[in-house]
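Asker: Make a model of this:
(2 chains)
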Amino acid sequence: MNRYPLWKNLLVLIVLLVAGLYALPNLYGDDPAVQISAGRTATVDLALADKAEKALKAAGIDYKGAQLEDDKLLIRLTSADNQLKAKDVLSKALVGDYIIALNLASTTPHWLASLGAEPMNLGLDLRGGVHFLMQVDMDAAVKQSLDTYGSDIRLSLRDEKIRYKQIKVEGQKLILVLRNTEDRDKAESLILKNFNDLQVSVSGDDANPELVMSMSEKSIRETKQLALQQNITTLRNRINELGVAEPTVQQQGDDRIVVQLPGVQDTAQAKKILGATATLEFRLVDTEHDVKDAVNGRIPPNSELYYSRDGRPYLLDKRVMLTGEHVINAASTLDPQSGTPAVSVTLDGKGARAFSNVTRDNIGNPMAVVFIESKMETKEIDGELVSVRRQVPEIINVATIRDQLSKKFQITGLDSTTEARDLSLLLRAGALAAPIEIVEERTVGPSMGQQNIEQGFESVIIGFVLVLVFMLVWYRVFGLFANVALAANLIFIVALLSLLQATLTLPGIAGIVLTVGMAVDANVLIYERIREELRNGNSPQASISAGYDKAFSTIADANITTLIAAIVLFGFGTGAIKGFAVTLSLGIITSMFTAIMGTRALVNLFYGRKNKPKLSI
Amino acid sequence: MQFFNKQTHIKFMSKRWLAIAFSSTLLIVSIGSLITQGLTFGIDFTGGTMIELGYQEPANLEKIRSSLQNGGYPEAVVQNFGSIHDVLVRLPIVETKNMAEISNNVVSLLQVDSGSPIDVRRVEFVGPQVGDDLTEQGGLAVLYALIGILIYVAFRFEYRFAIASVAALVHDVIITLGFFSITHVEFDLTVLAAVLAIIGYSLNDTIVVFDRVREGFLKIRKATAEEVLDTSLNETLSRTLMTSFTTLLVVFALFILGGEVIHSFAEALLLGIMIGTYSSIYVASSAVLFMGVSKEDLLPPVKESDQEIGEDGSQV
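Answerer: As a prediction, the model looks like this:
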């Protein structure tokens, strides 16, 4: 007789119920929503929710409700049309450091959500959005770090009154040229004492004794790690400024960062803001020398030649009064005197002190604001295409210092309000620790995303129905059992994906489709065995039992090898392929349960109690 | 319904020379094509930019080509994609241009010429560094999968079965790649995923057959290895065809309905499943026969018999 003990039947039932529960949220749709989160200087609280609701009511926009969760205010709206209007209204009404972004809010009922049941995430290829892979220029990070060591060493040499000829960075090395060997020995012991991260070696001749310093492996590693972390933080800040709901910023490998922006349409703007390695420098204009001479090639030693954006040359003092890193806030505004776009800048204490000292001594002199952008270009070097970074400095503004400037001042002379907004955003979001470059972009438009979802689901359903019909025709009642198991398998996959909060992508759907085709394999193996046993003249009950027993090891072997391939796929790692690997492996694992235990429970229930049943197989 | 009412008795192995000739031809043609013309790699591996645009009116390809030519992109390749409204623009990695911004520049260039707004359906840009990495990782992935499987099968069965099954897999992979080489269908990341899935699938088939072969060797007395293989293949034939059929059904659904993005993925799978089914019957089994597996090799492992296998192995 073939009977499952009660606990086995219950186990199958309970597992199925739990899976159904966790798969359920995916059946509920989404509400268009506006999500408000706080920037650095603001908080999201009930008062804000109240204010937002009042603003929406005043504008006559229908909304379903507002809820506060994890420092975010989520306002659900009745239509996508209202969603856009609401964003506009809220952007105007809520003054302060808020990030207002469009989002979709799941309509999963509260009782389900409280069990931790949430719908699975949809990948960018299904909901539309941008995926960027950015490479951090680690050589530049190391060089910057050497530059810092250089200026620190310069200071301590000065303190110790050790005279030197030159200090420079060459490749990954810092070179200090001294006047005589005696100074060199003094400098060496000073550096060894104060900068124990540096490895120092002696070179040069007696006339030009040199110290060659390089960073230790460990500190290079730390520098790179720090540069990466800092860049991730900066990118997060910049993305917050862009107003994207649920962005992803993650490290990938040693020197790459993945940025995913769901729902972003304007990729040009996103690239400009994310990739910009713009820094700002404030410098005094050299009024003592003639610009014309400089243009003709005679540049004074303490000055540098720069051009403004309309092409006018200026001679600027080599010393930088202030850099962008001391900016703590910047906002686009209109210059009250001329009415042209401007950026109002707030400095930190250190920056304000330095700035106020220099401007006090230079009242009446002109000062230039230099905007330095690094641009990427592809060049062929030794037959290989490589990316080369080029610094493009540009004077955006020259103004006479009328007053001693300190904590707050304005940059004027900008072309448009857009430019003012972008500049303020870059100043506010901070500089990158090392330059980055976009090395991969994958953008999917919203219409394409919608189409991918529809086509994906269509192929799952058609494939599923074809297999159902085929199994039913071929194995009749046993085919029906296999079909029930197959449906349960789909529920399991969806439940597991939701529980793991995995992201469903188009290749992921392809993995599900493939699983549907392959999952019945276990049943085919079992049923063919049962038929064989019946042909050999065994009793129906014995055939069922033998069929399941004998097929088991084959099923296990076959599935484990497929699983090996799927795991390698997962390790291979690129996003899209990972999705395929995840659904394929989950499908294989769950199918072992549904196709073996699930169908056996049904078979036992249906035929198990009869003495000599006629098997419909 | 059943394929065969009674157990079939097809003498598969007697026709193995025919199969060997067939496989050899396919392999030679595939390898020849792979060597002479290689694969048409997609931008995932070569780097470059791909832009899919949707026009509201039927797209005028000539006009698009000329405006890209005049706009400084003479290297752009423009073609219809799916329908007359959809256009695919491809650009290779070009010197002295900021690659990451090319897609935006191209779109705004074409937008100027178009009366109605163009829908940017998809943009993919892969820099040269990433392409190189992916090519390397992809090759390694296939290699790792094969090694992992080799180890597992050797552990579960016997080393000659492992070699035979991996030989069948290599056979399947080479022929699938050869097909992509001959037809010039673009080889992108999804196709690589399909190749790995084929490895898994084809092996699945082979394992089922080998399982029976092992059982057959232990059960059937007084039979030659060839007879045992034939019997086992006949016993699993119905299952082999059934599973291939259901899997082909769903992959066919993907092929027809899945859309352009996974079209070549489905194409690779369709081909791979058919080749895999064939190879598990003929290639893997013939290989086992050639390596001279006998009943003694499959007796439950005792330390002594392990040594015997080792000695046998050195003779083969």
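
Asker: Would you mind confirming that B:Leu196 is in contact with A:Val568?
Answerer: Yes - with contact defined as C-beta atoms under 8 Å, B:Leu196 counts as touching A:Val568 (6.5 Å). C-beta coordinates here come from the backbone N, C-alpha and C atoms, glycine included.

Asker: okay, the two: which has more neighbours?
Answerer: Counted by other C-beta atoms under 10 Å in any protein chain shown, B:Leu196 and A:Val568 do not tie: B:Leu196 has more neighbours, with 26 against 23.

Asker: so that one sits in a helix?
Answerer: Yes - counting by DSSP: H, G, I helix; E, B strand; the rest coil, B:Leu196 is found in a helix.

Asker: got a list of what it touches?
Answerer: A:565, A:568-569, A:572, B:141-142, B:145 (C-beta atoms under 8 Å, 6 or more residues apart in numbering or on different chains).

Asker: for the closest residue to B:Val112 other than its chain neighbours, what are its contacts?
Answerer: Leaving out its chain neighbours, the residue that sits closest to B:Val112 by C-beta to C-beta, 6 or more residues apart in numbering or on different chains is B:Ser67, at 7.9 Å. Counting by C-beta under 8 Å, 6+ apart, B:Ser67 touches B:109-110, B:112-113.

Asker: looking at this, B:Gly38 is in a helix?
Answerer: No - applying three-state DSSP, one finds B:Gly38 to be coil, outside a helix.

Asker: what's the strand or helix carrying A:Val259 in contact with?
Answerer: Assigned by DSSP states H and E, A:Val259 belongs to strand A:256-262. With C-beta under 8 Å, 6+ apart as the test, strand A:256-262 has contacts from A:124, A:127-136, A:228, A:231-232, A:235, A:239, A:242, A:244-252, A:270, A:274, A:436, A:439, A:575.

Asker: Filter those down to just the ones in helices.
Answerer: The helices, defined by DSSP state H, take in A:124, A:127, A:228, A:231-232, A:235, A:239, A:242, A:270, A:274, A:575 from those.

Asker: okay if I get these as a markdown table plus pLDDT?
Answerer: Output for these, formatted as a markdown table (pLDDT from 0 to 100):
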| residue | pLDDT |
| --- | --- |
| A:Leu124 | 87 |
| A:Arg127 | 86 |
| A:Leu228 | 88 |
| A:Asn231 | 85 |
| A:Ile232 | 88 |
| A:Leu235 | 87 |
| A:Ile239 | 83 |
| A:Leu242 | 75 |
| A:Ala270 | 83 |
| A:Leu274 | 81 |
| A:Gly575 | 64 |
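
Asker: re earlier: now, the contacts of B:Leu196 that are in helices?
Answerer: Taking DSSP H, the ones among the contacts of B:Leu196 that sit in helices are A:565, A:568-569, A:572, B:141-142, B:145.

Asker: Give me the lowest-pLDDT entry from these.
Answerer: Of all the ones in helices among the contacts of B:Leu196, A:Phe572 carries the smallest pLDDT score, 72.

Asker: That one: what's it in contact with?
Answerer: For A:Phe572, the contacting residues are A:578, A:581, B:137-138, B:140-141, B:196, by C-beta under 8 Å, 6+ apart.

Asker: mind running it again at 7 Å?
Answerer: Residues near A:Phe572 by C-beta atoms under 7 Å, 6 or more residues apart in numbering or on different chains: B:137, B:141.

Asker: just A:Leu497 next, same as before
Answerer: Shown in contact with A:Leu497 (C-beta under 7 Å, 6+ apart): A:120, A:504, A:586.

Asker: Top of the residues you listed by number of neighbours, please.
Answerer: A:Leu504 (27 neighbours).

Asker: Pop out the phi and psi values for that residue.
Answerer: Backbone torsions of A:Leu504, given as degrees, to the nearest 10, read phi -90, psi 130.

Asker: Find me the pLDDT at it, would you?
Answerer: pLDDT for A:Leu504: 89.

Asker: Need the ones in helices among the contacts of B:Leu196 in CSV (columns: distance to A:Tyr63).
Answerer: Output for the ones in helices among the contacts of B:Leu196, formatted as CSV (distance: C-beta to C-beta, whole Å):
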residue, distance to A:Tyr63
A:Ala565, 49
A:Val568, 49
A:Leu569, 44
A:Phe572, 45
B:Ala141, 49
B:Val142, 53
B:Ala145, 52
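
Asker: on that earlier part again, buried ones among the contacts of strand A:256-262?
Answerer: With burial judged by 16 or more other C-beta atoms under 10 Å in any protein chain shown, the buried subset of these is A:124, A:127-136, A:228, A:231-232, A:235, A:239, A:242, A:244-245, A:247, A:249, A:270, A:274, A:436, A:439, A:575.

Asker: hey, where'd the helices end up in the stretch 51-200 of chain B?
Answerer: Taking DSSP state H, counting those that start in this stretch, the helices of the stretch 51-200 of chain B run over residues B:61-70, B:99-113, B:128-156, B:159-183, B:189-219.

Asker: How about the stretch 351-500 of chain A?
Answerer: Going by DSSP H, counting those that start in this stretch, the stretch 351-500 of chain A shows helices at A:417-429, A:446-499.
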